[in-house]
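Student: take a look and give me a structure for this.
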Amino acid sequence: MSAPTATPSLPRSERAWSRRAVRLAEAATTPLLPADYLDLFAPLRPGAALRGRIVEVVPETADAATLVIKPGSDWAGHLPGQYVRVGVDVDGVRQWRAYSLTHGARRDGHLSITVKAVPDGVVSTYLVREAKPGTLVHLEQAAGDFVLPGEGGKFLMVTAGSGITPVIGMLRNLFPSTAQGVLRPARSSAYDIVVLHVAPSEPDSIFLRDLQALDAAGAIRLVARYDDTHGVLDVDSLTDLVPDLAERVTFACGPAGLLDALEAHHDEAGLALQTEKFRVSRVAVGEGGSVSFAQSGTTVDADGGTPILDAAEEAGVLMPSGCRMGVCFGCVLPLTEGAVRDLRNGEVTVATPGDNVIVQTCINAAAGPCEFDH
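Tutor: Numbering: from 1, shown residues only. You can find the predicted model right below:
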């Protein structure tokens, strides 16, 4: 086999001409650059800011929909159970939210997220009610450690509401669904899974048909609980619903109240638990105070139980934000003076002039007067 031929470099005069051509193109397109025009025609190209194009919107329930997205060429893939941060431009403001990926690797290279519209939710309402095929969204690479171990084992999956989304991604990866039914490949034989799925009612249960099909195929054992039929789940009854609970590792995703109850229950019983939270659990309330934003000259009166991010947005202040649960650090701002309290644990952070302490505004509330450089 002959050695590969090296590609000759351009002569110096041609390289100089190429640089001048680029500068001329940039001058002719000011204030836009040639890359800006490329974004219009090839937004998913390699090297561009990571984006995705929505190719399908599938209604799931009255207030939830699955969005199938073709990601840009630089999408690095994900593990089932991980999440992706999605950015959308609403009323001229880019908003970011984190959503679990609801599948494993797909042959078409697409990714999917399932979004539930929440009251007053800017991003979720936009994605469920207004997003259409062809809509471009901004993406970040997948993240998160809410993933199953590769060696298998016995697991209990506790899900509530949209908390089913990362779990359905794991299950679809283990037990693919085809036109011939649910497959149970040999690679998945090491997994013994019980799914305890909680929803307000059966019609509100996202992915119920998928779960029922997996149960009918013997891939999982499904325990469905509906608030309107069975009442609110009592975690002390878990051993009645899952007699071999002590032999299983519990994965749970859902509202903070349910996860807090599970954490207390499993800690007392000495059981293994891994959780995925969509919202921060607020356990500490401070005294509140005025929150000032130096650059805009705006001052907001905030109580001690409302995150600074929420209080500022309600007053019309444009704020950076991301997952809103203290994970992504998309909402951080410099605290130049004053005190804030972490709503998760009550810890107080104090800054004096010149400190510029970085604070996550989605999980901290005012603990007296405070000022941010924003």
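
Student: can I get stretch 327-346 in PDB? Just the C-alpha atoms.
Tutor: Extracted in PDB, the C-alpha atoms of stretch 327-346 (Å, rounded to 0.1, in the frame of the first residue of the first chain):
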ATOM      1  CA  VAL A 327     -27.600  22.100  38.500                       C
ATOM      2  CA  CYS A 328     -26.600  24.000  35.400                       C
ATOM      3  CA  PHE A 329     -25.300  27.300  36.800                       C
ATOM      4  CA  GLY A 330     -27.000  29.100  34.000                       C
ATOM      5  CA  CYS A 331     -28.500  31.700  36.400                       C
ATOM      6  CA  VAL A 332     -25.400  32.800  38.300                       C
ATOM      7  CA  LEU A 333     -24.900  36.500  39.000                       C
ATOM      8  CA  PRO A 334     -22.300  38.400  41.100                       C
ATOM      9  CA  LEU A 335     -23.600  39.400  44.500                       C
ATOM     10  CA  THR A 336     -21.900  42.700  45.300                       C
ATOM     11  CA  GLU A 337     -23.400  43.400  48.700                       C
ATOM     12  CA  GLY A 338     -25.900  41.900  51.100                       C
ATOM     13  CA  ALA A 339     -27.100  38.400  52.100                       C
ATOM     14  CA  VAL A 340     -28.900  35.600  50.400                       C
ATOM     15  CA  ARG A 341     -30.200  32.200  51.800                       C
ATOM     16  CA  ASP A 342     -30.000  28.900  50.000                       C
ATOM     17  CA  LEU A 343     -33.500  27.500  49.900                       C
ATOM     18  CA  ARG A 344     -32.300  23.900  50.000                       C
ATOM     19  CA  ASN A 345     -30.500  24.000  53.300                       C
ATOM     20  CA  GLY A 346     -30.800  27.400  54.800                       C
END
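
Student: report the central residue of this protein.
Tutor: A98 (2.1 Å; CA atoms, centre = their mean).

Student: how near is the residue nearest to that one when sequence neighbours are not counted to D267?
Tutor: Computed as CB to CB, 6 or more residues apart in numbering, the closest residue to A98 that is not its neighbour in sequence is C323, at 3.9 Å. Where you see a C-beta, it was placed from the backbone N, CA and C, and this is true even at glycine. Per CB to CB, to the nearest Å, C323 is found 25 Å from D267.

Student: which of these two has more neighbours?
Tutor: C323 (23 against 10; other CB atoms under 10 Å).

Student: test my guess that that one contacts G330.
Tutor: Yes: under the criterion of CB atoms under 8 Å, C323 makes contact with G330 at 6.7 Å.

Student: what sits in contact with each of those two?
Tutor: Taking CB atoms under 8 Å, 6 or more residues apart in numbering as the contact rule, C323 and G330 both touch R85, W96.

Student: coming back round to it: dump the residue contacts of the residue nearest to the centre of the chain.
Tutor: Per CB under 8 Å, 6+ apart, neighbours of A98: Y83, V84, R85, V86, F278, G322, C323, M325, V327, C328.

Student: tell me which of those has the lowest pLDDT.
Tutor: On pLDDT alone, F278 ranks lowest of the contacts of A98, at 65.

Student: picking up where we left off before, from the contacts of A98, pick the one nearest A199.
Tutor: The closest of the contacts of A98 to A199 turns out to be F278 (CB to CB; 15.3 Å).

Student: what's the local residue count around R97?
Tutor: So R97, with other CB under 10 Å, has 25 neighbours.

Student: ok, it - contacts?
Tutor: R97 neighbours (CB under 8 Å, 6+ apart): R85, V86, V123, S124, G322, C323, R324.

Student: of those, closest to V198?
Tutor: Nearest to V198 among these, with distances taken as CB to CB, is S124, at 20.0 Å.

Student: tell me which element the closest one falls in.
Tutor: If you go by DSSP states H and E, S124 is part of helix 122-125.

Student: run the chain-centre distance for the next helix or strand after that helix.
Tutor: Moving toward the C-terminus from helix 122-125, the next helix or strand (DSSP H and E) is strand 136-139. Distance of strand 136-139 from the chain centroid (CA atoms, centre = their mean, to the nearest Å) equals 13 Å.

Student: pull up the pairing partners for whichever helix or strand comes after strand 136-139, direction included.
Tutor: Heading C-terminal from strand 136-139, the first helix or strand you meet, by DSSP H and E, is strand 153-160. Strand 153-160 has its sheet partners listed here by DSSP bridges as strand 191-199 (parallel), strand 249-254 (parallel).

Student: and the shortest one, what's buried?
Tutor: Buried residues in strand 249-254, defined by neighbour count with 16 or more other CB atoms under 10 Å: T250, F251, A252, C253, G254.

Student: wait, doesn't the last one sit right on A160?
Tutor: Yes: counting by CB under 8 Å, A160 is a contact partner of G254 at 3.1 Å.

Student: need the overlap of contacts for these two.
Tutor: Contact criterion CB under 8 Å, 6+ apart; residues shared by G254 and A160: V198.

Student: ok, then the element right after the helix or strand L171 falls within?
Tutor: Using DSSP H and E, L171 sits within helix 164-174. Next along the chain after helix 164-174, taking DSSP H and E as the criterion, comes strand 177-178.

Student: distance from that next one to the middle of the chain?
Tutor: Going by CA atoms, centre = their mean, where strand 177-178 is centred and where its chain is centred differ by 26 Å.

Student: ok, that strand: who's next to it in the sheet?
Tutor: strand 181-182 (antiparallel).
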